[in-house]
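S.K.: sharing a model prediction with you, sequence too.
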Amino acid sequence: MAKITVIGSFVMDMVARLEEFPKAGQTVLGKSLGVYPGGKGANQAVAARRLGGDVEMIGCVGKDGNGKTFLDLLRNEGIETSHIKESEEVPTAIAQIQIDQAGENKIVVIPSANHAFTKEDLYAVREVLSKTKLVVMQLELEYEVSLEILRVCKELKVPVILNPAPAVKLPKEILGLATYVTPNETELEILTGQKTQTEEQLYSAAEALLDMGVKTVVATLGKRGAMIATAERKQIIEGYRVKAVDTVAAGDSFNGALAKGIADGEDLAEAIRYANAVGALTVTKQGAIPSLPTASEVQSFLIDQASKI
């Protein structure tokens with residue numbers, strides 16, 4: 001089985017559900033509060049593992065109750081954790097998340113231990129990276145560390161999926177180090193400075209990333225599905241219509257599924273179709289990691305969808 005290494009974040013999510021988001025200076029009453037393990041790195045690692053991937057997670061947690069929760073969770077999922085750093089100086093990261101009645105979300109992340117993972121920690125796992133089939137990363141570690149991950153993987157000739165979230169403008173020479181870049185529509189706008197409302201605009205923005213040296217762009221488009229763009233083709237692969245309960249981790253589950261498909265050598269379009277189904281299933285449940293589906297759940301969903309055609 002091809003090994004996937006996820007380098008990234010751990011975030012304990014504090015999720016408040018409410019009717020409508022408050023305006024500036026306004027106080028509103030919420031409906032409920034839940035606390036769930038999440039973070040883009042952890043979400044993507046668990047997503048790939050639940051779909052049958054051979055996964056290792058690398059990053060940093062605090063030496064605290066939340067950190068122990070993450071380590072226990074990953075080990076119970078069957079994810080390799082031996083290269084996760086435990087910091088005694090800073091706590092495990094947390095996020096404050098608001099979800100409205102339409103299932104949309106607003107998120108503030110306090111990075112803490114995620115920013116305690118250093119370049120030196122990265123160099124210490126260089127041999128681990130050299131033996132992996134695919135690296136998955138995001139931008140929730142320190143900016144300079146994230147850039148160094150791309151540089152190291154390029155030196156090792158290991159392909160990288162860069163999920164550019166939270167999105168920041170990245171220099172051309174850095175974007176060109178990524179094999180796959182997987183923005184959502186908003187992130188694609190930030191990366192390129194171009195609008196992404198129409199299909200033509202999406203293709204134009206994707207072309208801008210390709211011009212920066214990215215080999216493959218896979219942009220998630222919510223209920224519309226996902227766009228694939230390479231030098232040879234540009235195509236929107238239709239998504240699945242479901243009732244959204246909570247959109248947290250939808251993109252992460254998509255990236256985990258995409259990583260599994262790429263690592264297994266699947267046709268990219270087929271891997272994206274499968275990842276669309278995984279993302280759709282994820283939004284039908286609350287929470288981040290608790291919402292991530294298993295391979296058998298995805299198979300049942302796809303059979304059900306096929307029966308409706």
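M.R.: Received it, and whenever you're ready, just let me know what you need. This structure is a prediction, so every number in the text was calculated from the model and none was measured.
S.K.: nearest spatial neighbour of residue 305, chain-adjacent residues omitted?
M.R.: What sits nearest to residue 305 in space, not counting adjacent residues and going by C-beta to C-beta, 6 or more residues apart in numbering, is residue 240, at 6.0 Å. Where you see a C-beta, it was placed from the backbone N, CA and C, and this is true even at glycine.
S.K.: wait, what's in contact with residue 119?
M.R.: 144, 145, 148 (C-beta atoms under 8 Å, 6 or more residues apart in numbering).
S.K.: can you redo these as CSV with neighbour count and distance to residue 195?
M.R.: CSV is the format used below for the contacts of residue 119 (neighbours: other C-beta atoms under 10 Å; distance: C-beta to C-beta, whole Å):
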residue, neighbour count, distance to residue 195
144, 9, 30
145, 19, 31
148, 16, 32
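S.K.: so which of those comes closest to residue 294?
M.R.: Nearest to residue 294 out of the contacts of residue 119 is residue 145 (C-beta to C-beta; 31.7 Å).
S.K.: list the buried residues for the host helix or strand of the closest one?
M.R.: With secondary structure defined by DSSP states H and E, residue 145 is part of helix 143-156. Neighbour counts over helix 143-156 (16 or more other C-beta atoms under 10 Å) mark 145, 146, 147, 148, 149, 150, 152, 153 as buried.
S.K.: just the CA atoms of that helix, as CSV, please.
M.R.: Coordinates of each C-alpha in helix 143-156 appear next as CSV, following Å, rounded to 0.1, in the frame of the first residue of the first chain:
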residue,chain,number,x,y,z
TYR,A,143,4.6,30.3,6.8
GLU,A,144,8.4,29.8,6.4
VAL,A,145,8.1,26.1,7.6
SER,A,146,5.4,25.5,5.0
LEU,A,147,7.6,26.9,2.2
GLU,A,148,10.5,24.7,3.5
ILE,A,149,8.3,21.6,3.3
LEU,A,150,7.8,22.3,-0.4
ARG,A,151,11.5,22.9,-1.0
VAL,A,152,12.5,19.7,0.9
CYS,A,153,10.0,17.5,-1.0
LYS,A,154,11.2,19.0,-4.3
GLU,A,155,14.7,18.0,-3.4
LEU,A,156,13.5,14.5,-2.5
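S.K.: sorry, back to before: nearest to residue 165 among the contacts of residue 119?
M.R.: Nearest to residue 165 among these, counting by C-beta to C-beta, is residue 145 at 15.4 Å.
S.K.: check the nearest residue to the closest one once chain neighbours are set aside and give its pLDDT.
M.R.: Distance criterion C-beta to C-beta, 6+ apart; nearest residue to residue 145, sequence neighbours excluded, is residue 119 at 5.8 Å. At residue 119, the model reports a pLDDT of 98.
S.K.: cool, thanks, talk later.
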